[in-house]
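Enquirer: Below is the sequence, then the predicted model.
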Amino acid sequence: MAQKKKLNPTLKLVLDIGPLILFFAANSKFGIYAATGSFMVAVLVALAVAYALTRRIEVMPLVTAVIVLIFGGLTIVLHDDLFIKLKPTIIYLLFGGALLVGLYLNKPLLGMLFDSVFHLTEEGWRKLTWRWALFFLFLAVVNEAVWRTQSTDFWVNFKLFGVVPLTFVFGALQYPLLMKYGVEEKKEG
């Protein structure tokens, strides 16, 4: 079986966070509607670049892109920033909900998504999936609280300077679990 092509981790980070940085920059210079349009284009470009380099599209970026296009389009067409503010909540609820449904069906989805990156026991995948599911639900609640109580500019800044660092810190805090439940990869040959 042929190995799946993988993106360089730095390039993957740029493709994941680049559209958000562009959204932030465009918002500060041109406002939320121009930022939304640039965000939509940047998400499509990131998807295209990832596909061109790997010849496949991963599920999470694809779902994110579809929701960005739908809610970004509604924001621009209806000239109402409510839709772009709801987008993160919906994505977080979808991801958190999907992880919980996977656990309910006894199929930890993180194990399916990241098995080529991390090799964990079943218990490790279950625990890691629970943690990420709850983290996504937490982010949904936080996004709702911030956009409902703060200015649009504050919300945009929070997306980049609040959610991104929170996610990196949360991910780093999972390292002990990865070490505790890690198993060695089986060598073929």
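Expert: Yep, that arrived. Numbers count the residues shown, from 1 in each chain.
Enquirer: residues near the nearest residue to Glu144 once chain neighbours are set aside, how many?
Expert: Nearest residue to Glu144, sequence neighbours excluded (CB to CB, 6 or more residues apart in numbering): Thr89, at 5.5 Å. Every residue, glycine included, has its C-beta placed from N, CA and C. A count of neighbours around Thr89, defined by other CB atoms under 10 Å, yields 17.
Enquirer: For the protein, which segments count as helices?
Expert: 9-30, 32-54, 59-78, 82-104, 109-114, 122-149, 152-158, 164-172, 175-181 (DSSP state H).
Enquirer: As TSV, these with mean pLDDT would be great.
Expert: As requested, those are exported to TSV (pLDDT from 0 to 100):
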stretch	mean pLDDT
helix 9-30	93
helix 32-54	96
helix 59-78	94
helix 82-104	96
helix 109-114	78
helix 122-149	96
helix 152-158	96
helix 164-172	96
helix 175-181	94
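Enquirer: pretty sure Leu93 is in contact with Leu137, am I right?
Expert: Yes. Judged on CB atoms under 8 Å, Leu93 makes contact with Leu137 at a distance of 7.2 Å.
Enquirer: show me the contacts for the residue nearest to Glu144.
Expert: Thr89 makes contacts with Ala140, Asn143, Glu144, as judged by CB atoms under 8 Å, 6 or more residues apart in numbering.
Enquirer: Columns distance to Leu22 on top of those, output as JSON lines?
Expert: Converted to JSON lines, these look like this (distance: CB to CB, whole Å):
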{"residue": "Ala140", "distance to Leu22": "23"}
{"residue": "Asn143", "distance to Leu22": "19"}
{"residue": "Glu144", "distance to Leu22": "24"}
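Enquirer: Could I get those in TSV, plus columns for distance to Val41 and neighbour count?
Expert: As requested, the contacts of Thr89 are exported to TSV (distance: CB to CB, whole Å; neighbours: other CB atoms under 10 Å):
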residue	distance to Val41	neighbour count
Ala140	26	20
Asn143	23	24
Glu144	27	16
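Enquirer: what are the phi and psi angles of the spatially closest residue to Glu184 that is not a sequence neighbour?
Expert: Of all residues not flanking Glu184 in the chain, His119 sits nearest, at 6.9 Å (CB to CB, 6+ apart). Main-chain torsions, His119, degrees, to the nearest 10: phi -120, psi 100.
Enquirer: distance of His119 from Lys6?
Expert: Counting by CB to CB, to the nearest Å, the gap from His119 to Lys6 is 15 Å.
Enquirer: Neighbour count for these two, which is higher?
Expert: His119 (17 against 12).
Enquirer: Since that was my last question, I'll sign off now.
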